[in-house]
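A.B. asks: What follows is a predicted protein model with its sequence.
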Amino acid sequence: MTCPRCQEAETPGERCPRCGVVVATYLVALEKMRRTPAPRPSAPPTAPAAVSSAVYAFSFHGRAGTLFGIQIVNMLWALLTLGGYYFWGKTRVRRYVFGQIALEGDRFAYHGTGGELAHGFSKAMAFFILPMIALNLLPRLLGAGEVLERSAQLLGYVVVSVFMPIAAVGAHRYRLSRTSWRGIRFSFRGHTWDFVKLFFRGSMLTTLTLGLYYPVFDTRRRAFMVAHAHFGNRRFGFEGNGRQLMLPFVVAVLLTVPTLGLCWFWYLAQKRRYFWEHTTFDRARFRSTVTGRLLLNLMGGNVLLLLATLGLGWPWVLVRNARFACDTVRLAGALDLAGVVQASQSEDATGDALSTFLGMDVGIA
């Protein structure tokens, strides 16, 4: 018998005298190897799909007629409730306007309630508004004298100056926490005290430089609000420093009288473009196409509309502003929206109510 392993001829018995293999066992193992199919080569791991780069456009689908109907109902309820319905009416307007803004075909949503605004206003009334009124009226009512009256006025000015940045942060925090897109909410995670320090430092430097520092101060406020804003678990970014706006700002100041102030529309347009083009989200960057002429046409048309309608054209002004903002802003670059998960924070509406009282409630934000 020939050994199947070393090919030794004349293998006497079961074990090969040369290599020592048991012939019968070796043949059984060899037959099993022949019958077992060879393993297929594993496919190389699939690389993760690349995030595509694109241009994402905003759009506004609201109608001024619908908003006018909402406003009429709000006015009627406000009259019947002696103004108490104001907070619920304001919420209805916000809910409609935010719900008409779309990105990639999906609408934004506003989740705030009138009850939250009313509760926030009551807190602002108790801790700020009533003390401020008392501070201004009591010295006069008690006949405390001119020195104490002026001291009270100065103290009131200081208190208002402190509460302005607090109100701005509180309003921004609340409104972002109540806004969502595709079911995921926005949030703001900046610390109020950091903004208060930034605000006072910027105000002092602006005063000491006779306004020259204002573009830098304005940009740093914008940077604080944007860089601490999140969409789900993703953070926005801001890269501007405002120095590029100092020369246009000085030029606008010098041309104010010769142009009857019209030059400021071009400065505001340049500032808007600068702010948007230095704002990022993920690997995408915002773009703005606003120009001074477009801004002049918008604001001039709004003023004429309000004057011609004695203020009743406010819904048309609001729709014009919202549509203008959506039409002039784009988001260009790579976005991984599938990786965004919910990470919102719950905030109260005290800052929102306080900002309204201080005259800081501008637009639909």
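C.D. replies: Done, it's in.
A.B. asks: who are the neighbours in contact with residue 68?
C.D. replies: 312, 315-316 (CB atoms under 8 Å, 6 or more residues apart in numbering). Yep, even glycine has a C-beta here, placed from its N, CA and C like the rest.
A.B. asks: mind running it again at 6 Å?
C.D. replies: Residues near residue 68 by CB atoms under 6 Å, 6 or more residues apart in numbering: residue 315.
A.B. asks: and what of residue 91?
C.D. replies: Applying CB under 6 Å, 6+ apart, the residues near residue 91 are 112, 114.
A.B. asks: gap between it and residue 99?
C.D. replies: 12 Å (CB to CB, to the nearest Å).
A.B. asks: From residue 57, how far out is residue 129?
C.D. replies: Distance from residue 129 to residue 57, by CB to CB: 42 Å.
A.B. asks: Which one of these two is surrounded by more residues?
C.D. replies: residue 129 (18 against 15; other CB atoms under 10 Å).
A.B. asks: Distance check, that one against residue 163.
C.D. replies: 10 Å.
A.B. asks: same question, residue 290
C.D. replies: Distance from residue 290 to residue 163, by CB to CB: 32 Å.
A.B. asks: One more: residue 312?
C.D. replies: In terms of CB to CB, residue 312 sits 33 Å off from residue 163.
A.B. asks: So for those two, which residue has more residues nearby?
C.D. replies: residue 163 (22 against 13).
A.B. asks: nearest spatial neighbour of the more buried one, skipping sequence neighbours?
C.D. replies: residue 128 (5.9 Å; CB to CB, 6 or more residues apart in numbering).
A.B. asks: Quick check, residue 188 in contact with residue 173.
C.D. replies: Yes - applying CB atoms under 6 Å, one finds residue 188 in contact with residue 173, separated by 4.3 Å.
A.B. asks: Longest helix of the chain, counting residues only.
C.D. replies: Across the chain, the longest stretch assigned as helix under DSSP state H is helix 146-177.
A.B. asks: Rounded mean pLDDT for that one, please.
C.D. replies: Per-residue pLDDT values over helix 146-177 give a mean of 83.
A.B. asks: Helix or strand next in line after that helix, which one?
C.D. replies: Reading on from helix 146-177 to the C-terminus, the next helix or strand found by DSSP states H and E is strand 179-181.
A.B. asks: Please, where are all the strands along the stretch 51-200 of the chain?
C.D. replies: 53-60, 101-103, 106-110, 179-181, 184-188 (DSSP state E, counting those that start in this stretch).
A.B. asks: wait, which of the ones you listed is closest to residue 302?
C.D. replies: Residue 302 lies closest, by CB to CB, to one member of the strands of the stretch 51-200 of the chain: strand 53-60, at 15.6 Å.
A.B. asks: Now do that closest one: which elements does it pack against?
C.D. replies: strand 101-103, helix 314-327, strand 329-334 (3 or more CB pairs under 6 Å, 6 or more residues apart in numbering; DSSP states H and E).
A.B. asks: coming back round to it: tell me which residues of the longest helix of the chain are tucked away?
C.D. replies: 149, 152, 156, 163-177 (16 or more other CB atoms under 10 Å).
A.B. asks: Which other helices and strands does that helix contact?
C.D. replies: helix 130-141, strand 184-188, helix 192-208, helix 350-357.
A.B. asks: Let's see that with 10 Å instead.
C.D. replies: helix 114-124, helix 130-141, strand 184-188, helix 192-208, helix 214-227, strand 229-231, helix 350-357 (3 or more CB pairs under 10 Å, 6 or more residues apart in numbering; DSSP states H and E).
A.B. asks: For the most centrally placed residue in the chain, name its beta-bridge partners.
C.D. replies: With distances taken as CA atoms, centre = their mean, residue 229 lies nearest the centre of the chain, 5.4 Å away. Taking DSSP bridges as the rule, residue 229 bridges to residue 188.
A.B. asks: Double-check it against residue 280; I have them as touching.
C.D. replies: No - under the contact definition of CB atoms under 10 Å, residue 229 does not touch residue 280, with a separation of 11.5 Å.
A.B. asks: which residues does residue 243 contact?
C.D. replies: Residue 243 is in contact with 215-216, 219, counting by CB atoms under 10 Å, 6 or more residues apart in numbering.
A.B. asks: Burial check on the residue lying closest to residue 244 once chain neighbours are set aside, number of neighbours?
C.D. replies: Sequence neighbours aside, residue 274 is the residue nearest to residue 244 in space, at 6.6 Å (criterion: CB to CB, 6+ apart). When counting by other CB under 10 Å, one arrives at 19 neighbours for residue 274.
A.B. asks: Also residue 287?
C.D. replies: Counted with other CB under 10 Å, residue 287 comes out at 16.
A.B. asks: Any idea what it is bridged to?
C.D. replies: residue 330.
A.B. asks: what residues are up against it?
C.D. replies: Contacts of residue 287 (CB under 10 Å, 6+ apart): 55, 273, 276-277, 279, 328-333.
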